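S.K.: quick one: sequence and predicted model below, then my questions.
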Amino acid sequence: QVQLVESGGGEVQAGGSLRLSCAASGRSTSRYSMGWFRQAPGKEREFVARDTWRSGINYYADYAESVKGRFTVFRDNAKNTDYLQMNSLNPEDTAVYYCAADPSLVTARSTYWGQGTQVTVSS
């Protein structure tokens, strides 16, 4: 079992930055795929970013088109924590952000989820 706890959400003005953290416990997630998803009011949960361990290349990151160049996902295995650095935020980024973990590839159907953290971007 893996428990995930997000933190770092809050309110920021457009153009600002936030860093979200996802602390994992229960087991090491160093070989897990760790991902971030978000859900805005009235919308379905959508993929944001993930970093996945790949033998030979360490970690591979991929991003939703809407956040490419603005968001960066990375991890600190010593802390068993994944991060989402969000820059150049705009009001369309307002949502509850969730982290997820999967021993294979993290998707919206993965088993392990955090409780979510609210991000609000004001114009």
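M.R.: All right, it came through fine. Numbering: from 1, shown residues only.
S.K.: which residues does Phe74 bridge with?
M.R.: Legend: beta-bridge partners of Phe74 under DSSP bridges are Tyr83.
S.K.: kindly report the same for Trp36.
M.R.: Taking DSSP bridges, one obtains Ala49, Cys99 as the residues bridged to Trp36.
S.K.: need the contact list for it.
M.R.: Under the criterion of Cβ atoms under 8 Å, 6 or more residues apart in numbering, the contact partners of Trp36 comprise 20, 22, 48-50, 73, 82, 84, 97-100. Glycine gets a C-beta too; all of them are placed from N, C-alpha and C.
S.K.: element containing Thr52?
M.R.: Thr52 is located in strand 46-54, with elements delineated by DSSP states H and E.
S.K.: over to Lys43?
M.R.: Using DSSP H and E, Lys43 falls within no helix or strand.
S.K.: how much space separates it from Ala95?
M.R.: For Lys43, the distance to Ala95 (Cβ to Cβ, to the nearest Å) stands at 8 Å.
S.K.: looking at the two, which is more packed in?
M.R.: Neighbours were tallied for Lys43 and for Ala95 using other Cβ atoms under 10 Å; the higher tally belongs to Ala95 (22 against 9).
S.K.: contact partners for the more buried one?
M.R.: 38-40, 43, 118-119.
S.K.: what does Met34 give?
M.R.: Taking Cβ under 8 Å, 6+ apart as the criterion, Met34 is in contact with 22, 24, 50-52, 73, 75, 82, 99-101, 106.
S.K.: 10 Å instead, please
M.R.: For Met34, the contacting residues are 2, 4, 22, 24, 49-53, 59, 73-75, 81-84, 99-102, 106, 110, 112, taking Cβ atoms under 10 Å, 6 or more residues apart in numbering as the criterion.
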